[in-house]
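Trainee: quick one, what's the 3D model for this:
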Amino acid sequence: MQQVAVGGAIRTLLVDSDPGRLRLRSAATVTLALILALSASYGFITVAGQPLTVAMLGTVVAMQSAASVKDRQQHSRVVTTVLLFFPALAAVSLAAVLSHFGKVADVGFIAVLFCAVWVRRFGPRGNALGMVAFICYFFALFLRATPSQIPVLAVAIVIGLGATLLVRTLILPDRPAVEVRRLVRALRTASTAVLDVAINCDEFDLAVLRRRLDRLGETALMIDDWLDRHDAARSLNITSDDLALRVFDAQVAMEQLASMLWSLGPVTTWPRGLRDAVAAVRVCLEHHPTDDELRVARKCAAAASDRADLSETEGLATVLAFRAMQAHLAIHHITTNALAASDEAEPLPESTAEEDTATDGLDPSTKAAIQVAVATSTATILGDMISPDRWYWAVLTAFLVFTGVSTRGEILTRVGHRIVGTIAGVVAGVLLATLVGHHPLVQMILLVACVFCAFYLVTVAYAWLTFFVTVLLAMLYGLLGDFSIEVLEVRIAETAVGGVVGIASAYFIFSTGTRATFVAKVDEYLQHLTDLVDAAIESTVTPGGQTDLVAETRRLDNALQAVVTAGKPLQMGPAVRSRRGVQRLLRGLQVANRSAHALARAGVNAARADVDTAPPEPTAAALRDAATHVGGTIEAVKKVVDGDAVDPPEKTPNSVILSVAGTSDIPPGPVRAAIRALSNLDRALLEVTARV
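Mentor: A predicted model of the protein is given here:
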């Protein structure tokens, strides 16, 4: 039993928490690039009679290029990797020339750091170019490079970039068809997890169901991201738009089914037809069912749906189970009957720069660059006071805490993660160094393992990256014969100084408030929600037309993710009342988001229907009135988030429709689904206004 539990925990870490194996692929790319670069660089320095430090530069360039190049298409990633040679060589040459002028080299370092942040305005490519320039300048100073070594260091850079290109193009090239099948498998796994909780509601609480529904939504968004990078028709027998619609259907049907089953209670109270329909869904959620099993499951679920009494909740749940089964059955047919097409996707149009946004004053990247310049300048002075030989750790911390974050709260959280990871890494590094001793082979294996773990877990928590990098440094110093506990103690002190300087810079120079950013993201999400409600209702009352509701729903989901990200620092703040208020708001928006999914699905189904199925004009008018009512509730949420007092609305969407049009006997279909979705959406939003 214990082995089964351990196996389940490992599966959760390696598979369930990494849909599509994207983190695994990223970490493997960095690790393989490091191994290849280290091997080739060691061979080069042996032949050329160069010190080991030259090989270190090639290895670091390989790691940085593999980790920082994040263009969406394979072709663009290759181009960016090739272009990295120029800023890398320029940075190494500048450092080698300035290193003999004392503090002038430090001034040059600050200038390089400023430029590395400033070029982030040019998107992923600009960010990669800046990061490689920064790391190359730093290592050239660290290695005390001289102008005569520039040709040798250029070769080391070529070796590092060549190793990355080899891994990206030959060893681990893009495999879109494999990736999308893994993502679809992850979608089924997430759906199964949701269904397990909904069925066994007496064993779980509502928080567990919400977490699993969130994971289902995240997996669906990852498939949507895959569709942004690849053409589905080249890997599957379906267009990108059709696949997006199938995934949307499967996600929303499972969300609705889970909500309905949860409300029904234990499975022992269900009628036979509902149990049969849910069993059919389970068959379709298996990864390798036979054609006969799928055929029997579909027949069984269809029969149960035909016999269902739609006036009862159990009957509606049976129909929802049949729809969920149909959606996943369609995805099974898509992925098992894939075309034998090339895995290489056509390059899609890609902007190399971030979208221009109207801002007051300086560009955000310029503000961040100034913040970094001030922080790293101060860190250079303070770090040198602590340790003239290790001052760069303070500078690195002051620089890296600004990477990928923008608000004060995010920077404060990043600093906390870095300090905690460093302290824990020092303890682990000392223990490992003591246990291993001077065994180069074991130390090299541990070094490579630390690199893999650092980049595999970096998206889980930044502290993990810092932890494994600190352990890696302990192994590296041990390998070079320079290990001591005092060195790691200095690292803790330098990291703390760099973190404090970074926080001070974030708070006093072009400060960006965490709460203000959070409120702006919530407002943006609510605007997307308003747009979706209007579009869904219009599609419902005018069936048979064109609709962009699937894409609109994904934009809504991405906006919600932005809200969750912006709210994370606020959930870690010292004020208990504020922390709980943010948590309640996020929970309310997540519940409302699933109701918005159901509303969008009603609009999509109406778009598929015939024009002559349009509802009567009084019903259409009532639906529009209900949508206006929900729009008023959304505005009330905006006011509450902004800190204004609001009066609760007097009516619900159902009462609006029934009083205006008398539509209590509306037959099953998009209109009825829209009424139910509007009602649930309004209820969730009213809960937000009452409790936040």
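
Trainee: what residues are up against the nearest residue to residue 192 once chain neighbours are set aside?
Mentor: Distances taken as CB to CB, 6 or more residues apart in numbering place residue 285 nearest to residue 192, at 4.8 Å, with adjacent residues excluded. Just so you know, the C-beta spots here come from the backbone N, C-alpha and C atoms, and that holds for glycine as well. For residue 285, the contacting residues are 188, 191, 192, 195, 328, by CB atoms under 8 Å, 6 or more residues apart in numbering.

Trainee: can we see that at 6 Å?
Mentor: Applying CB atoms under 6 Å, 6 or more residues apart in numbering, one finds that residue 285 lies in contact with 188, 191, 192.

Trainee: the stretch 301-450 of the chain: helices as residue ranges?
Mentor: Counting by DSSP state H, counting those that start in this stretch, the stretch 301-450 of the chain has helices at residues 313-336, 364-386, 392-400, 408-436, 440-457.

Trainee: quick one: closest of those to residue 145.
Mentor: Among the helices of the stretch 301-450 of the chain, helix 392-400 comes nearest to residue 145, with 14.4 Å by CB to CB.

Trainee: on that earlier part again, output the helices of the stretch 301-450 of the chain as CSV; include the columns mean neighbour count and mean pLDDT.
Mentor: Formatted as CSV, the helices of the stretch 301-450 of the chain follow (neighbours: other CB atoms under 10 Å; pLDDT from 0 to 100):
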stretch, mean neighbour count, mean pLDDT
helix 313-336, 22, 86
helix 364-386, 21, 85
helix 392-400, 26, 82
helix 408-436, 20, 83
helix 440-457, 18, 87
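
Trainee: quick one: closest of the ones you listed to residue 607.
Mentor: Of these, the one closest to residue 607 (CB to CB) turns out to be helix 313-336, at 16.3 Å.

Trainee: only alpha carbons, please: show that closest one as CSV.
Mentor: C-alpha atoms of helix 313-336 as CSV (Å, rounded to 0.1, in the frame of the first residue of the first chain):
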residue,chain,number,x,y,z
THR,A,313,-32.6,17.3,-11.7
GLU,A,314,-31.6,13.6,-12.2
GLY,A,315,-33.0,13.7,-15.8
LEU,A,316,-31.0,16.9,-16.6
ALA,A,317,-27.9,15.3,-15.1
THR,A,318,-28.4,12.3,-17.4
VAL,A,319,-28.6,14.4,-20.5
LEU,A,320,-25.5,16.3,-19.4
ALA,A,321,-23.7,13.0,-18.9
PHE,A,322,-24.7,12.0,-22.5
ARG,A,323,-23.3,15.3,-23.8
ALA,A,324,-20.1,15.0,-21.9
MET,A,325,-19.7,11.4,-23.3
GLN,A,326,-20.3,12.7,-26.8
ALA,A,327,-17.7,15.5,-26.4
HIS,A,328,-15.0,13.1,-25.2
LEU,A,329,-16.0,10.5,-27.7
ALA,A,330,-15.4,13.1,-30.5
ILE,A,331,-12.0,13.9,-29.1
HIS,A,332,-11.1,10.2,-29.0
HIS,A,333,-11.9,9.8,-32.7
ILE,A,334,-9.8,12.9,-33.5
THR,A,335,-6.7,11.8,-31.7
THR,A,336,-6.9,8.1,-32.6
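
Trainee: give the other helices and strands that it contacts.
Mentor: Counting contacts by 3 or more CB pairs under 6 Å, 6 or more residues apart in numbering; DSSP states H and E, helix 313-336 packs against helix 176-199, helix 240-264, helix 272-284, helix 291-307.

Trainee: could you tell me the phi and psi values at residue 48?
Mentor: Phi and psi for residue 48, reported as degrees, to the nearest 10, are phi -90, psi -10.

Trainee: show the pLDDT at it.
Mentor: Listed pLDDT for residue 48 reads 83.

Trainee: which one is it nearest to, not counting chain neighbours?
Mentor: Nearest one to residue 48, counting by CB to CB, 6+ apart, is residue 152 at 6.7 Å.

Trainee: so which helix or strand takes in that neighbour?
Mentor: Using DSSP states H and E, residue 152 falls within helix 150-166.

Trainee: contacts for that helix?
Mentor: Against helix 150-166 from outside (CB under 6 Å, 6+ apart): 33, 36-37, 40-41, 50, 54, 57-58, 61-62, 65-66, 81, 84-85, 88-89, 92-93, 96.

Trainee: give me that answer again for 8 Å
Mentor: So helix 150-166 is in contact with 29, 33-34, 36-37, 40-41, 44, 48, 50, 54-55, 57-63, 65-66, 69, 78, 81-82, 84-85, 88-89, 92-93, 96, 136, 140, 145, going by CB under 8 Å, 6+ apart.

Trainee: again with stretch 684-692
Mentor: Counting by CB under 8 Å, 6+ apart, 581, 584-585, 588-589, 591-592, 595, 630, 633-634, 636-637, 640-641, 646, 648-649 sit against stretch 684-692.

Trainee: quick one: the closest residue to residue 256 other than its chain neighbours from residue 424, how far?
Mentor: With CB to CB, 6+ apart as the criterion, residue 256 has its nearest non-adjacent residue at 5.2 Å, and that residue is residue 320. For residue 320, the distance to residue 424 equals 47 Å [CB to CB, to the nearest Å].

Trainee: and the helices and strands packed on helix 313-336 as JSON lines, adding distance to residue 165?
Mentor: Shown next, in JSON lines, are the helices and strands packed on helix 313-336 (distance: least, CB to CB, whole Å):
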{"stretch": "helix 176-199", "distance to residue 165": "19"}
{"stretch": "helix 240-264", "distance to residue 165": "28"}
{"stretch": "helix 272-284", "distance to residue 165": "42"}
{"stretch": "helix 291-307", "distance to residue 165": "43"}
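
Trainee: possible to save the ones you listed as TSV with mean neighbour count?
Mentor: Converted to TSV, those look like this (neighbours: other CB atoms under 10 Å):
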stretch	mean neighbour count
helix 176-199	21
helix 240-264	22
helix 272-284	21
helix 291-307	16
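
Trainee: rewinding a little: could you dump the helix holding residue 152 to PDB, C-alpha only?
Mentor: Provided in PDB are the C-alpha atoms of helix 150-166 (Å, rounded to 0.1, in the frame of the first residue of the first chain):
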ATOM      1  CA  ILE A 150      38.100  37.000 -26.700                       C
ATOM      2  CA  PRO A 151      38.600  34.600 -29.600                       C
ATOM      3  CA  VAL A 152      38.700  31.600 -27.200                       C
ATOM      4  CA  LEU A 153      35.600  32.900 -25.300                       C
ATOM      5  CA  ALA A 154      33.900  33.400 -28.700                       C
ATOM      6  CA  VAL A 155      34.500  29.700 -29.400                       C
ATOM      7  CA  ALA A 156      33.000  28.800 -26.000                       C
ATOM      8  CA  ILE A 157      29.900  30.800 -26.900                       C
ATOM      9  CA  VAL A 158      29.600  29.000 -30.200                       C
ATOM     10  CA  ILE A 159      29.900  25.700 -28.400                       C
ATOM     11  CA  GLY A 160      27.200  26.600 -26.000                       C
ATOM     12  CA  LEU A 161      24.800  27.900 -28.600                       C
ATOM     13  CA  GLY A 162      25.600  24.900 -30.900                       C
ATOM     14  CA  ALA A 163      24.700  22.500 -28.100                       C
ATOM     15  CA  THR A 164      21.300  24.200 -27.600                       C
ATOM     16  CA  LEU A 165      20.600  24.200 -31.300                       C
ATOM     17  CA  LEU A 166      21.500  20.500 -31.500                       C
END
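
Trainee: buried residues of that helix, list them for me.
Mentor: Buried residues in helix 150-166, defined by neighbour count with 16 or more other CB atoms under 10 Å: 150, 152-153, 155-166.

Trainee: equivalent analysis for stretch 209-222, please.
Mentor: Buried residues in stretch 209-222 (16+ other CB under 10 Å): 209, 212, 213, 214, 215, 216, 217, 219, 220, 221, 222.

Trainee: residues contacting the closest residue to residue 277 other than its chain neighbours?
Mentor: Spatial nearest neighbour of residue 277, chain neighbours left out: residue 321 (3.6 Å); criterion: CB to CB, 6+ apart. Neighbouring residues of residue 321 by CB under 8 Å, 6+ apart: 257, 274, 277, 278, 280, 281, 301, 304, 305.
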